[in-house]
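*Asks:* Fold the following, please.
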Amino acid sequence: MALPKRENLKIVNDDIGTILSETIKDYENRAGKVLQPAHIERLLINTFAYRELLLRKQLNEAYRQQHIPYATGLMLDVAGADFGTHRLNAQPADTVLEFSVSPSEIGNLTIQIAKGTQVLAGNIAFAAKEGGQLTQNNPSICLNATCTQAGTVGNGYAVGQINTLATRPHPTIAISVKNITISQNGSDVENDDSYRERIMLAFERFSNAGSKGAYAYFARSVSQEIIDVYVGNATDREGQPIGGTVAVHLLGRTMPVSDNLIRAVNKALNDEKVRPLCDTVTVNSAKVVNFTLNAELITFTGTNTDEILENAKSAFESYQQQAQSQLGQDIVPLNIAKTLQVAGVYDVRLISPSLTNINDDTVAICNHINIRIVEQTDG
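*Replies:* The predicted structure follows:
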C-alpha cells in the first residue's frame, strides 16, 4: 500500500472553512443568536479561528515529524540516530596530482614531497594525502590529494587546472605539478531525501547474510555522491551467475564513478563486519547507455519560438535529471514526448530515442540534445 502524500497525513482537520463554521455554530448555540457577516463577533471569531488553524497545522506537522518517511531536518537526524545512522557530513573533492622535475636539474639529489603539500587552483587548495620522493631515476610521481575545503567547491577542475604549488618543495630546483584527473566526489551535507532513504535501508544492515539491502546501505554510507546502488550476482561470459560473487554497481552524481570512490566502497563492503565470510565482492561504476534526443516541435502560430525552445529544453533536462537519479529506468519515448509538450507546442515528432529497456545495473544518459521547431499551425 502506497503511503499518502505528506500534506494528506493529518490527525486533526485543518480546513479553515470547517474550523470557521464550527466556531460560528458553537457561538450561536451558546449566545442564542444568529450571526450575520457584519456582526462584530464575526471579527473576533475570524481571529480565533485563524489561530486555531495555526495550532492544528502545528499538531499535524508534529505528527508527521514522528515518522521517518515524513520527518525533515533535525527530527530526521533524531530518527536516524535511533538506528545508528547519522547524516553524512560534507566531504572534500579529490584528485590525483602529478609532481615532476627535470632529471638533469635534480642530479643526484632526492626531493621530498611531503604529505599535506598544497597545490592551488586560484584560491582553492588541494593537499597531498601521502608523501613521495623525486629522484633522477624517478623524476615523476603521482599522489592522491583532497581539497582543503569540504563541499562541492572543489569539484570540476579539468586536467591541468590545479597547477600552482603553495610552497616550493626545494629552494632552487623548479618542480612542476598538475592534476591528472578531474576533481570530483566533493559533496555538501547529505540532504533529507538521501538521508531518509539510508535510514529506511538501515534495517537491512542488521542482517548477517549479506542481503542486497545491507550491501546497498553500506555502499551509500561511504559518500552522498552515491545516489543509487545495484547489488546482484556477478555473471560469467555466458551470463550465468557466479556463486558467491557479489557484483555491486554504483550510480554517482557524476558518471562514471571515480576510481577513488570505487576503492572506498570496496574497502567498506569488504570489512569483516559487513561481508559474509564466503562472499567475494566486486565494485564497479554503473553501466551507461548513452542516447541522443532528436525532436521536432510543431508550435501554434504567433507563439514565441525562442521561449518555447528554452522551456522544452528545460523541461527535458528536469525529466532527465530525475531519470538519471535511479538505475534501471527505461527510455520511454512517450514520456519524453509528453515532457516536450510545453505551453505553445501543438505536436511533438520524436525521431530518437526509441523504446529501450535498461538493465538494473545500468543508467541511461542523454549526451546530446537536438530540439528544433519545424512548423507552426493554427491548430
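*Asks:* Check which residues of the single longest helix found in the chain are buried.
*Replies:* Ordering each helix of the chain by length in residues (DSSP state H) puts helix 40-64 first. Judged by neighbour count using 16 or more other Cβ atoms under 10 Å, the buried positions of helix 40-64 are 42, 45, 49, 52-53, 56, 60-61, 64. (Each C-beta comes from the backbone N, C-alpha and C, glycine too.)
*Asks:* Output the below-cut-off pLDDT ranges for the stretch 101-250 of the chain.
*Replies:* 207-210 (pLDDT under 70).
*Asks:* Can you show me the strands along it?
*Replies:* All strands of the stretch 101-250 of the chain, identified by DSSP state E, counting those that start in this stretch, fall at 111-113, 118-121, 124-128, 132-134, 140-150, 164-165, 176-179, 226-235, 241-252.
*Asks:* Show me what the fourth one is packed up against.
*Replies:* In other words, strand 132-134. strand 92-100, strand 111-113, strand 140-150 (3 or more Cβ pairs under 8 Å, 6 or more residues apart in numbering; DSSP states H and E).
*Asks:* got the angle between the first one and strand 124-128?
*Replies:* Right, strand 92-100. Angle of strand 92-100 versus strand 124-128, following axes from the mean of the first three to the mean of the last three Cα atoms, to 10 degrees, is 70 degrees.
*Asks:* how much does strand 92-100 deviate in direction from strand 140-150?
*Replies:* Using the same axes, to 10 degrees: strand 92-100 against strand 140-150 is 150 degrees.
*Asks:* average pLDDT across strand 92-100?
*Replies:* Confidence over strand 92-100 (mean pLDDT, whole number) is 94.
*Asks:* circling back: which one of the strands of the stretch 101-250 of the chain lies nearest to residue 293?
*Replies:* Residue 293 sits nearest to strand 241-252 of all those, at 20.3 Å, using Cβ to Cβ.
*Asks:* Need the contact partners of the closest one.
*Replies:* Contacts with strand 241-252, where a contact means Cβ atoms under 8 Å, 6 or more residues apart in numbering, come from 210, 215, 219, 225-236, 257-258, 261-262, 265, 269, 278-287, 325-327, 361-363.
*Asks:* List the pairing partners of it within its sheet, with orientation.
*Replies:* For strand 241-252, the paired strands and their directions (DSSP bridges) read strand 226-235 (antiparallel), strand 280-285 (parallel).
*Asks:* So which bits of the first one are buried?
*Replies:* Spelled out, it's strand 226-235. Across strand 226-235, burial judged by 16+ other Cβ under 10 Å covers 226-231, 234.
*Asks:* Just give me how far it sits from the chain centre.
*Replies:* Taking Cα atoms, centre = their mean, to the nearest Å, the mean C-alpha location of strand 226-235 is offset from the chain mean by 17 Å.
*Asks:* what does stretch 316-335 give?
*Replies:* Chain-centre distance of stretch 316-335: 14 Å, with Cα atoms, centre = their mean.
*Asks:* What is the end-to-end distance of that stretch?
*Replies:* Length of stretch 316-335, first residue to last, Cα to Cα, to the nearest Å: 10 Å.
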